[in-house]
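# what's the 3D shape of this:
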Amino acid sequence: GAGRAPKLGLPVGLMIEAEIVPHPGAGQSRADWGEQFGAPGPIEEPPPGGSTGAAIEAYGAALRADPWLDSVPVTLRRVVPVGTGGGGWQLADADGESALPLASAGLSRSGLWKLAALSGGGPVTVFGEFGHRGFQPLAAWAEDVAGTIALT
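Numbers count the residues shown, from 1 in each chain. Got it, this is the predicted structure:
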């Protein structure tokens, strides 16, 4: 119910096979853990994802269902972290012309430098939350680097 803490929180980079039970309400974006079918383990591959344009469309669709929604979880494929001057950063599609701004307070300096170093100027896959404040990166993957890099 409202005001209750989730039963289980996993650190970034871990996953668990479990049942989820949606909470009633607009958008059905809140859920709680049901039965768990094993112990948490490392994420071997990033979740399916798309472009920055697809992320914008997903957030727009979610807002139509719930106008008070703060953000949606998304995975961005083949994006490059790019400085915008003045300390700002964005994730630009490697194969396109669109980009998402990084949330100004969303990423620590060490997380930002981890992301930039992982990319090395090339495309990476980034999971995070996208909303009206920008994109909040949580984890990233590069094709030539094994495992999940936590950015928090």
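# buried stuff in the top strand by length along the chain?
Taking DSSP state E as the criterion, the chain has its longest strand at strand 71-85. Along strand 71-85, the positions that meet the burial threshold by neighbour count (16 or more other CB atoms under 10 Å) are 71, 72, 74, 75, 76, 77, 78, 79, 80, 81. The C-beta positions use only the backbone N, C-alpha and C, and glycine is treated the same way.
# of those, just say which sits nearest to residue 14.
Distance to residue 14, by CB to CB, is smallest for residue 75 among these, at 16.1 Å.
# what sits against that closest one?
Contact analysis of residue 75 by CB atoms under 8 Å, 6 or more residues apart in numbering lists 46, 47, 48, 49, 50, 125, 126, 127.
# contacts only, for the closest residue to the fifth one other than its chain neighbours.
Of all residues not flanking residue 50 in the chain, residue 77 sits nearest, at 6.1 Å (CB to CB, 6 or more residues apart in numbering). For residue 77, the contact set (CB under 8 Å, 6+ apart) comprises 46, 49, 50, 51, 123, 125.
# can you check residue 49 too?
With contacts defined as CB under 8 Å, 6+ apart, the neighbours of residue 49 are 74, 75, 76, 77, 125, 127.
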